[in-house]
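> Would you be able to build a 3D model of this:
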Amino acid sequence: VAVADIQFGPMRFHPDQLQVLLVFPKEDKQCNGFCRACEKAGFKCTVIKEAQTALACFLDKHHDVIIIDHRNPQQLDGEVLCRSIRSSELSENTVIVGVVRRVLYPQRYVENPSAMACYNELLQMEFGLVRPQLKLRACNSMFTALEKSQEAIEITSEDHIVQYANPAFETTMGYESGELIGKDLAEVPVNEKKADLLDTINSCIRIGKEWQGICSAKEKNGDNVQQNVKILPVIGQGGKIRHYVSIVRACNGNNKATKIAECVQSDTHTEVIYNLIVSTDNQSGKHNDRRKSSLDVRTAASRTSKVSSQRRRSSMARIHSMKIEAPITKAINIISAAQESSPMPVTEALDRVLEILRTTELYSPQFDAKDDDPHAIDLVGGLMSDVFRRPSRNEYVLSTKNLQQVSSSVITPTSLHDIPSQITQAMENEESWDFDIFELEAATHKRPLIYLGLKIFARFGVCEVLKCSETTLRSWMQIIEANYHASNPYHNSTHSADVLHATAYFLCKERIKQTLDPLDEVTTLIAATVHDLDHPGRTNSFLCNAGSELAILYNDTAVLERHHAALAFQLTTGDDKCNIFKNMERNDYRTLRQSIIDMVLATEMTKHFEHVNKFVNSINKPLAALEEDGETDKNQEAIITMPRTPDNRCLIKRMLIKCADVSNPCRPLEQCIEWAARISEEYFSQVRCSFLIP
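The predicted model follows:
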């Protein structure tokens with residue numbers, strides 16, 4: 001039996017199949033009668049014999065109607081079950097019916113002259129029967145307001161079927177009255193969609209969050225209109241997102257109205273009828289619209305004598321009327337407006353919020369150092385701060401020329417099959433977390449990167465993705481390792497090989513494999529290989545204080561990280577024999593290059609908490625919320641698709657290389673101790689140098 005559409009005033013929507021839960025201690029004629037009736041009516045029927053099981057089933061399925069056998073309370077206590085169901089918020093719109101022996105009237109009242117009993121019965125009638133009818137009648141006023149509203153409003157189903165569109169919306173989009181009702185949004189003319197941006201929208205709204213941004217839509221006649229879209233979910237039948245509401249203010253070019261569109265979406269495959277526009281395109285589009293439609297209001301007498309001056313004033317008026325605001329400015333304006341009507345405690349709290357929002361580093365923590373712990377202040381300050389003091393005239397000036405130690409005597413394997421047996425044996429368990437990098441370091445005479453790198457790159461098919469030969473890859477590995485300083489106790493090619501190994505280990509995890517594509521994997525492996533290239537064994541703060549050439553070149557900002565990334569591409573593209581990128585498509589190369597630079601810069605410790613907080617708020621918390629909601633099909637789908645948006649993949653790659661970079665304390669104890677000794681030795685060497693200790 002097909003489920004008929006429901007007409008509710010001017011709104012028409014298609015309900016889901018009605019779900020009926022039968023709670024009977026045994027399947028008798030009455031139970032079978034309801035089962036046959038459900039089958040005839042096309043309702044989905046579930047029969048449960050125990051109260052506890054029935055409650056669990058309802059909490060999982062959210063049935064519309066529950067019929068409880070109350071003929072024999074000794075076998076099944078229907079009242080207790082009813083109270084348990086009603087205690088859940090999910091039962092707000094659920095109809096519960098009790099089966100009793102005999103009732104002569106639709107509403108029965110057991111004779112009881114008590115005033116309190118009569119009062120309770122009247123209350124039940126008021127809240128159970130009368131008030132729902134009053135609510136339905138009150139909806140007429142809501143529809144009247146929608147019909148007369150100047151805001152363009154549209155309501156669609158979760159399947160993108162238009163259920164309601166008020167006259168303002170139909171006029172805005174160029175449709176006749178009632179023409180949109182029942183129409184699939186797929187039939188509405190739209191612009192070419194941007195899949196990545198739609199994925200970003202869907203990943204946000206799937207977890208019940210609002211989304212807002214600038215977009216473009218097409219009218220029926222094909223004309224483009226710009227809109228500001230706000231997307232939010234509306235819960236309906238079965239406790240699921242059922243309706244999408246759109247509110248649009250048409251942009252007529254006079255700067256008195258701004259388009260605001262609210263589209264409510266829930267499905268990851270939702271086809272949004274709006275296309276986002278990149279900020280630069282958006283701004284230029286807005287300027288053109290205003291330029292074409294704005295009018296110079298002049299009197300007849302001034303049209304000839306003041307044309308040029310009024311044109312200048314008109315242009316300036318258009319410029320001043322444009323709303324070019326950063327998101328943080330909009331947020332501050334909204335909070336400031338909310339303060340005006342808030343009580344004093346809320347106003348004071350919002351003042352503190354505004355003070356925080358006006359800081360330059362929103363994601364970076366503020367350390368409250370204790371005066372009695374100078375060592376902690378020095379260590380934390382050296383690692384986390386990029387603030388430097390001016391060097392005195394006696395300070396050591398570090399030169400990049402003295403730091404580069406390019407060796408030409410490195411022995412390069414011709415292929416993986418020609419590797420000496422002791423090196424092959426040292427790399428046997430390279431896929432294990434307990435892999436001993438120091439054993440490989442000894443076997444390769446402090447050049448483990450080329451051997452381990454070739455093996456890991458072969459395992460991930462890097463040559464196939466980059467379309468380069470194994471010979472080119474070997475040459476690239478050789479020149480990269482040659483530019484790591486073997487004299488550094490910690491930041492040498494062994495550290496690079498260790499980070500590369502940890503990166504490859506993380507990439508093999510199932511959730512990461514579901515999230516990143518092959519190009520992402522190759523990009524991450526390359527970034528891990530070059531992330532500390534030509535590291536001088538000194539920190540950024542030291543280089544800035546020493547006035548080194550690198551600090552001057554990179555303006556005292558992320559000095560080492562910028563140098564690592566820049567030198568990596570300089571060495572790679574400078575010689576065709578080791579240019580592993582030479583056969584890549586231009587767009588793929590640009591994507592790969594940007595991603596490598598982004599990941600290498602993410603290893604800078606001054607931005608550590610900024611990256612961590614973004615990762616937690618954008619990925620960890622939303623995923624945890626989805627996993628807590630239960631293993632439904634939609635949640636499982638959202639868990640898979642949400643991390644795959646471009647922004648989230650970028651955050652994941654940043655965190656992956658950051659975790660790999662500082663993962664050595666998590667290695668087996670012997671390796672952990674060795675790494676701690678090496679980094680301590682390197683840090684002490686820097687301290688001795690800073691105090692001019694020989």
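> Residue 676 should be in a strand, yeah?
No: assigned with DSSP: H, G, I helix; E, B strand; the rest coil, residue 676 falls outside any strand and is helix.
> Please name the nearest non-neighbouring residue to it.
residue 665 (7.5 Å; CB to CB, 6 or more residues apart in numbering). Just so you know, the C-beta spots here come from the backbone N, C-alpha and C atoms, and that holds for glycine as well.
> Confirm for me that the one you found is in contact with residue 675.
Yes: contact criterion CB atoms under 8 Å: residue 665 and residue 675 qualify, at 7.2 Å.
> Between those two, tell me which one has more neighbours.
residue 675 (20 against 10; other CB atoms under 10 Å).
> so the more buried one touches residue 663, yeah?
No: in this structure, residue 675 is not within contact of residue 663 by CB under 8 Å, at 9.6 Å.
> re the thing from before, who touches the residue nearest to residue 676 in this structure?
672, 675-676 (CB atoms under 8 Å, 6 or more residues apart in numbering).
> Contacts for stretch 419-432 next, please.
413, 435-436, 439-440, 442-444, 451-452, 455-456, 459, 501, 504-505, 508.
> Would you mind checking those residues for buried ones?
413, 435-436, 439-440, 443-444, 451-452, 455-456, 501, 504-505 (16 or more other CB atoms under 10 Å).
> From those residues, which one has the minimum pLDDT?
In this model, the minimum pLDDT among the buried ones among the contacts of stretch 419-432 belongs to residue 413 (63).
> which ones are touching the residue lying closest to residue 80 once chain neighbours are set aside?
For residue 80, ignoring the flanking residues on the chain, the nearest one in space by CB to CB, 6+ apart is residue 51 at 6.9 Å. By CB under 8 Å, 6+ apart, the contact list for residue 51 reads 23, 76-77, 80-81, 84.
> Just the buried subset of these, please.
Buried by 16+ other CB under 10 Å: 23, 76, 81, 84, out of the contacts of residue 51.
> what's around the closest residue to the second one other than its chain neighbours, how many residues?
Residue nearest to residue 76 in three dimensions, not counting chain neighbours: residue 25, with 4.6 Å by CB to CB, 6+ apart. The criterion is other CB under 10 Å. On that basis, residue 25 has 16 neighbouring residues.
> which SS class is residue 25?
coil.
> so who does it touch?
Counting by CB under 8 Å, 6+ apart, residue 25 has contacts 49-50, 69, 72, 75-76.
> go again using 6 Å as the cut-off
Contact analysis of residue 25 by CB atoms under 6 Å, 6 or more residues apart in numbering lists 49, 75-76.
> Just the strands from this structure, written as ranges.
For the chain, strands defined by DSSP state E occupy the ranges 6-8, 11-13, 19-23, 44-48, 65-69, 95-99, 152-157, 162-165, 211-218, 224-231, 234-235, 241-248, 260-262, 275-276.
> now these in JSON lines, with mean pLDDT and distance to residue 139?
Listed next are the strands of the chain as JSON lines, based on pLDDT from 0 to 100; distance: least, CB to CB, whole Å:
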{"stretch": "strand 6-8", "mean pLDDT": "71", "distance to residue 139": "7"}
{"stretch": "strand 11-13", "mean pLDDT": "71", "distance to residue 139": "9"}
{"stretch": "strand 19-23", "mean pLDDT": "90", "distance to residue 139": "24"}
{"stretch": "strand 44-48", "mean pLDDT": "92", "distance to residue 139": "27"}
{"stretch": "strand 65-69", "mean pLDDT": "88", "distance to residue 139": "22"}
{"stretch": "strand 95-99", "mean pLDDT": "84", "distance to residue 139": "19"}
{"stretch": "strand 152-157", "mean pLDDT": "82", "distance to residue 139": "13"}
{"stretch": "strand 162-165", "mean pLDDT": "86", "distance to residue 139": "12"}
{"stretch": "strand 211-218", "mean pLDDT": "68", "distance to residue 139": "28"}
{"stretch": "strand 224-231", "mean pLDDT": "70", "distance to residue 139": "24"}
{"stretch": "strand 234-235", "mean pLDDT": "80", "distance to residue 139": "15"}
{"stretch": "strand 241-248", "mean pLDDT": "78", "distance to residue 139": "14"}
{"stretch": "strand 260-262", "mean pLDDT": "37", "distance to residue 139": "20"}
{"stretch": "strand 275-276", "mean pLDDT": "34", "distance to residue 139": "34"}
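> Need the ones you listed in CSV (columns: distance to residue 683).
Formatted as CSV, the strands of the chain follow (distance: least, CB to CB, whole Å):
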stretch, distance to residue 683
strand 6-8, 71
strand 11-13, 67
strand 19-23, 65
strand 44-48, 66
strand 65-69, 68
strand 95-99, 70
strand 152-157, 61
strand 162-165, 66
strand 211-218, 46
strand 224-231, 50
strand 234-235, 56
strand 241-248, 54
strand 260-262, 55
strand 275-276, 47
